[in-house]
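Engineer: quick one, structure for this:
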Amino acid sequence: MAGVNWITDFEWGWRSVRVKKTGARVPFSRSVIAEVAAWFRFYGEALRMTPEAGRPFTVCFTPDRARPWYLIWPVIKAAGGRIVDDPAVADILFRFEDATLSLMTLALPAGRARTLNFTAGDVSKSAVGAAFEAAFGYPLTLDPVRHHGQAVEKSEINGAHDGRIVVCPSPPRPGRVYQRLVDNRCAARPGLVEDMRTPTVGGRPACVFLKRRRVGERFANANAEVILARPEDVYTAAEIDCIAAFCSRLGLDWGGLDVLRDATEGRLYIVDANKTDMGPPTALPLADKLHATRILAKAFRAFAVRPSQGG
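Structural biologist: Here you go, the predicted structure:
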């Protein structure tokens, strides 16, 4: 891994930078520069974290290599792992591709390696909606032609942040899905909505980032504040079991979920799933970023590292 030039992952312009893999374009601004600076502070501190106890283990990513800005990267380091390029010597093979739909079929390897996310190929909004309804027993996705009232229209693509509220009935647009408009207003902070960003390991919530933003920016990625919480403080045991069933249906051994709780009825809705989660959220205080990384490292080691590998 030494000598890898991460700069080549981007196409640089005078006013913006484009991520080659996903096509996402990020305009230069003061807020973006501040976020990058915050990430570098976290990255520097994460590199100095003492690894979890136990014999070191190795992880090979395929078909793409995880970059340092993905959450799994500092978690593996903190768990006592080392990233390698040769799957033949890896203790863990991790399917990693920052794409909504992974078309590449990966053969399960023979031998001692543990495999993670090998069946997590489709995290489109349609797939998320189907898995959610099967796991929780009530729907998120709706038919815009038959539904009456407000709904959320989104792209199928992960991470687009292009949601908008529409009034139904209305004809569906190509490449869009339609979801229930969840009333996720935050009782503790009037004027804000709350998104419970939930990293999962082995299908179980490991920690929760309570991401709060202004109602008018509910579909953006600009948080007014982020608070670290324990899963048992925000979810019931039955809800955690349903989350595990949802992750199982999508094949997520490692992932990040966007979970909303409806303020009116109290029900949970998983509106998005990510198999290449970034983070921790920029607005989270540095001490909590490091604490969350430690929590995830312990969970990752407990789930993914076999006793014969990790001691």
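Engineer: quick one: the helices in the stretch 51-200 of the chain?
Structural biologist: With DSSP state H, counting those that start in this stretch, the ranges of helices along the stretch 51-200 of the chain come out as 72-79, 125-136.
Engineer: can you list these in a markdown table and add mean pLDDT, mean neighbour count and distance to A46?
Structural biologist: Heads up, the C-betas are built off the backbone N, CA and C, glycines and all. Output for the helices of the stretch 51-200 of the chain, formatted as a markdown table (pLDDT from 0 to 100; neighbours: other Cβ atoms under 10 Å; distance: least, Cβ to Cβ, whole Å):
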| stretch | mean pLDDT | mean neighbour count | distance to A46 |
| --- | --- | --- | --- |
| helix 72-79 | 96 | 24 | 4 |
| helix 125-136 | 96 | 20 | 29 |
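Engineer: reformat those helices as JSON lines; add distance to I165.
Structural biologist: Formatted as JSON lines, those follow (distance: least, Cβ to Cβ, whole Å):
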{"stretch": "helix 72-79", "distance to I165": "33"}
{"stretch": "helix 125-136", "distance to I165": "16"}
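Engineer: which among these is found nearest to R213?
Structural biologist: With Cβ to Cβ as the measure, helix 125-136 is the member of those nearest R213 (20.0 Å).
Engineer: just the element for the most centrally placed residue in the chain, please.
Structural biologist: For the chain, the residue nearest the mean C-alpha position is G256 (2.7 Å; Cα atoms, centre = their mean). Taking DSSP states H and E as the criterion, G256 maps to strand 254-261.
Engineer: what are the contacting residues of that strand?
Structural biologist: Identification of contacts with strand 254-261 by Cβ atoms under 8 Å, 6 or more residues apart in numbering yields 71-72, 94, 116-117, 120, 123, 182, 184, 194-201, 205, 243, 246-247, 267-275, 277, 279, 300.
Engineer: next, the angle from the lengthiest strand in the chain to strand 254-261.
Structural biologist: The single longest strand within the chain, with elements called by DSSP state E, is strand 192-201. If you take axes from the mean of the first three to the mean of the last three Cα atoms, to 10 degrees, strand 192-201 sits at 150 degrees to strand 254-261.
Engineer: which strands and helices sit next to strand 192-201?
Structural biologist: If contacts are counted by 3 or more Cβ pairs under 8 Å, 6 or more residues apart in numbering; DSSP states H and E, strand 192-201 sits against strand 208-214, helix 237-250, strand 254-261, helix 286-304.
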